[in-house]
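Novice: Fold the following and give me the result.
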Amino acid sequence: MTVNQELLEIRKSIDNLDNALVAVLAERFRLTERVGFLKRDLNLPPEDRERESAQEKHYSELASSYGLDRATLIEIMRTIISQVKRRHVEIRAGAVRQSGGDASA
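Specialist: All right, here's what the predicted structure looks like:
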């Protein structure tokens, strides 16, 4: 196998993982959107600092167990959570309508 062939195979594997990541993110956003509507209905705030703190600790442990850079993983997860909270604010403000279970964030 040439170096170029190896590079192409590795890139193909990366592309497959990227596809899987997008699929997992889509499902995560569908679920967090449902949470947003539940929070609205229960009159709960979009932000849950206690949960975020617990999750950040969990992400740190995951990073360690998978050999990932802790700061990088936490930055990625903070970005995702920031988008979720933004969406929850939009839901609370009435800017997003609840669909029949196929909502996306």
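Novice: Tell me which residue lies nearest the centroid of the protein.
Specialist: residue 80 (4.4 Å; CA atoms, centre = their mean).
Novice: List of residues touching the strand or helix carrying that residue?
Specialist: Element membership for residue 80, per DSSP states H and E: helix 70-92. The contact list for helix 70-92 (CB atoms under 8 Å, 6 or more residues apart in numbering) reads 25, 28-29, 32-33, 35-37, 39-40, 46-47, 52, 55-56, 59-60, 62-64, 96, 105. Where C-beta positions appear, they are placed from N, C-alpha and C, glycine not excepted.
Novice: So which of the residues you listed are in helices?
Specialist: Assignment to helices by DSSP state H places the following of the contacts of helix 70-92 there: 25, 28-29, 32-33, 35-37, 39-40, 52, 55-56, 59-60, 62-64.
Novice: buried subset of the residues you listed?
Specialist: Taking 16 or more other CB atoms under 10 Å as the criterion, what is buried in the ones in helices among the contacts of helix 70-92 is 29, 32, 33, 35, 36, 37, 39, 40, 56, 59, 60, 63.
Novice: remind me which residues of the protein are low pLDDT?
Specialist: Applying pLDDT under 70 to the chain flags the ranges 100-105.
Novice: 50 instead?
Specialist: 102-105 (pLDDT under 50).
Novice: ok, how many other residues are close to residue 51?
Specialist: Residue crowding around residue 51 was assessed by other CB atoms under 10 Å; the count is 10.
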